[in-house]
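>>> With the input below, show me the fold.
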Amino acid sequence: MTVPYEITSILKPTLDETELAAAIQRVTDQLATQGGTLIHLEQLGRRRLAYEIDDLREGYYIIYTFTLDADQISEFERRLKLNDTVIRSLIIRLESVPKPPSPETQASSVAVAAA
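Reported below is the predicted structural model:
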């Protein structure tokens, strides 16, 4: 039975644009390999951390919304922890499958993130 989840992950701030895209693609590929479906991907950009983690003060915040079989989530989380570009991540189970945002909503969230 597929269950909706959301991951907020913080990636290393030292990544350039190509490495950042590759790190995001690695996570989505792993999700697809395990039979999951990506619903929405939101890049919040580079933000200051609340506290230092491994001598880093900033990180790239990425939010993935997806569905995955409940028995696959522990393996997905294990592989996410092995990813050396991920500083921290938090996986939460959602109550229901969210609808993908409309293009208007997506455009406004991008404008807010850029400000």
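
>>> Go through stretch 19-37 and flag the buried ones.
By 16 or more other Cβ atoms under 10 Å, the buried positions in stretch 19-37 come out as 20, 23-24, 27, 31, 36. (Each C-beta comes from the backbone N, C-alpha and C, glycine too.)

>>> Give me the subset of these lying in helices.
Residues of the buried residues of stretch 19-37 located in helices (DSSP state H): 20, 23-24, 27, 31.

>>> Which one of the residues you listed is nearest to K81?
V27 (11.8 Å; Cβ to Cβ).

>>> any idea which strand is longest in this structure?
In the chain, with assignment by DSSP state E, the single longest strand is strand 37-53.

>>> So in that sheet, which strands flank that one, and in what orientation?
strand 56-69 (antiparallel) (DSSP bridges).

>>> quick one: average confidence on the strand it pairs with?
The pLDDT scores in strand 56-69 average 94.

>>> Over to stretch 6-15?
For stretch 6-15, the mean pLDDT works out to 94.

>>> Only C-alpha atoms, please: export it in PDB.
In PDB, the C-alpha atoms belonging to stretch 6-15 read as follows (Å, rounded to 0.1, in the frame of the first residue of the first chain):
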ATOM      1  CA  GLU A   6       7.300  14.500   2.600                       C
ATOM      2  CA  ILE A   7      11.100  14.800   3.000                       C
ATOM      3  CA  THR A   8      12.800  18.100   3.900                       C
ATOM      4  CA  SER A   9      16.500  17.700   3.200                       C
ATOM      5  CA  ILE A  10      19.400  20.100   3.600                       C
ATOM      6  CA  LEU A  11      22.200  19.700   1.200                       C
ATOM      7  CA  LYS A  12      25.800  20.900   1.500                       C
ATOM      8  CA  PRO A  13      26.200  24.600   0.600                       C
ATOM      9  CA  THR A  14      29.500  23.900  -1.200                       C
ATOM     10  CA  LEU A  15      27.700  22.300  -4.100                       C
END
